[in-house]
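Colleague: Model the structure of this input:
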Amino acid sequence: MTGLRERKKEQTRQRIAAVAMRLFIERGFDAVTVNEIAEAADVAKATLFAYFPTKEALALHGVGGDDLAGIVARRPAGQTFLEALRAHHRALAAGRIPESDMEALIARVRVVQESAALQNAANGLLYRQRQALAQVLADEYGDTAAALMAAQIAASLLTLQEAYFRRLLGGASPEATGRALAQDVELAFDLLEHGLDHVKGP
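Modeller: Below is the predicted model of the structure:
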């Protein structure tokens, strides 16, 4: 029974999120109210808030970002934290998103870009991700060094993400965008490991 109840809860969560995103895509995030989402999803407003504490959480559902702190904390013995992060993002870049999912991803990115409130909420998620990474690194490197390293890593990964979405929104094919991302990942982690001296001019 517990398993069935959890599946039903997850189905409800996914239905609410899907309905909300459809409305956001059709009319824009700021023009849609929570009451309209609840009515369209056929749930009470209190039920909606039980799954999603804010309207921003609805739009950013599934966009919490990678668990950088967890990747570092769970890395195998003998592997540096940068090696662990590089391996993770190298695997992500090598993966292929199905065409139907790609369309949904692009639509979500457009919704976020068109709303200042959503951009602020997304920045808040990135900040918490960075803080969690700094906490994991602090035991080994100390608070200040860990905070500086986490900030550099977070900024690099954000830049990769921005370049990836900019290419997609600009009309580049998923294949070309994926190849460019793979190259960018290697460059980003080369810079993080070796510094600016690693960069060669064109």
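Colleague: how distant is the least confident helix or strand in the chain by mean pLDDT from the center of its chain?
Modeller: The helix or strand of the chain with the lowest confidence, counting by mean pLDDT, DSSP states H and E, is helix 99-113 at a mean of 84. Relative to its chain's centre, helix 99-113 lies at 13 Å (Cα atoms, centre = their mean, to the nearest Å).
Colleague: Number the chain from 813, please
Modeller: Let's use 813 as the start, then, which means that last one is helix 911-925.
Colleague: So which elements touch that helix?
Modeller: helix 814-839, helix 867-871, helix 928-953, helix 955-981 (3 or more Cβ pairs under 8 Å, 6 or more residues apart in numbering; DSSP states H and E). C-betas here are computed from N, CA, C, even on glycine.
Colleague: Include distance to residue 893 when you put these into CSV, please.
Modeller: What follows is these, written out as CSV (distance: least, Cβ to Cβ, whole Å):
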stretch, distance to residue 893
helix 814-839, 32
helix 867-871, 29
helix 928-953, 7
helix 955-981, 8
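Colleague: if you compare those, which one is most tucked away?
Modeller: helix 867-871 (a mean of 21; mean count of other Cβ atoms under 10 Å).
Colleague: Need the CA coordinates for that helix. CSV is fine.
Modeller: Written as CSV, here are the backbone C-alpha positions of helix 867-871 (Å, rounded to 0.1, in the frame of the first residue of the first chain):
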residue,chain,number,x,y,z
LYS,A,867,4.7,29.2,-8.0
GLU,A,868,8.4,29.5,-8.8
ALA,A,869,8.9,25.9,-7.6
LEU,A,870,6.4,24.7,-10.1
ALA,A,871,8.2,26.3,-13.0
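Colleague: Do you know the pLDDT at residue 960?
Modeller: Note for residue 960: predicted pLDDT of 96.
Colleague: Likewise for residue 832?
Modeller: Note on residue 832: pLDDT of 94.
Colleague: one step back: show me what counts as buried in the least confident helix or strand of the chain.
Modeller: Within helix 911-925, the residues scored as buried using 16 or more other Cβ atoms under 10 Å are 917, 920, 921, 923, 924.
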